[in-house]
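In: just coords:
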């Protein structure tokens, strides 16, 4: 059973960079054809896919966040990371890492982390 676990600071100051790590166990982030994404949910709003990294190392981003978002991976640790720069209080949200099998032809996320609350405040 694949398990994902987010980690990182729960409080970030405005204008700083938010950094989160997702540690994957029970499966490899290089497994064909899995895609590993960061998804967030601001208070009172729906889920928003921010970006991610594919099994082959290629990255993808939500166009509206692309200029501030960077996703990378460390295959030796079976981890992938999120960096979101120039944060504002609007970036306050629960942040999830999740994955889906691209070979299925759908974007159904079958594995999720428990989520981590990140608050942007001075």
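Out: Yes, it's here. Note that the coordinates shown come from a computational prediction; the quantities given were computed from them, not determined experimentally.
In: what lies in contact with the lowest-mean-pLDDT helix or strand in the chain?
Out: Lowest on mean pLDDT, DSSP states H and E among the helices and strands of the chain sits strand 109-112, with a mean of 95. With contact meaning Cβ atoms under 8 Å, 6 or more residues apart in numbering, strand 109-112 is reached by 2, 3, 4, 27, 37, 39, 96, 97, 98, 99, 100, 101. Yep, even glycine has a C-beta here, placed from its N, CA and C like the rest.
In: go again using 6 Å as the cut-off
Out: Applying Cβ atoms under 6 Å, 6 or more residues apart in numbering, the external contacts of strand 109-112 come out as 2, 4, 96, 98, 99, 100.
In: tell me the two of these that are most distant?
Out: Across the contacts of strand 109-112, the longest distance by Cβ to Cβ is 14.1 Å; it joins 2 and 96.
In: picking up where we left off before, which parts of the least confident helix or strand of the chain are buried?
Out: 109, 111, 112 (16 or more other Cβ atoms under 10 Å).
In: got JSON lines for those residues, with distance to residue 71 too?
Out: Output for the buried residues of strand 109-112, formatted as JSON lines (distance: Cβ to Cβ, whole Å):
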{"residue": "109", "distance to residue 71": "15"}
{"residue": "111", "distance to residue 71": "17"}
{"residue": "112", "distance to residue 71": "17"}
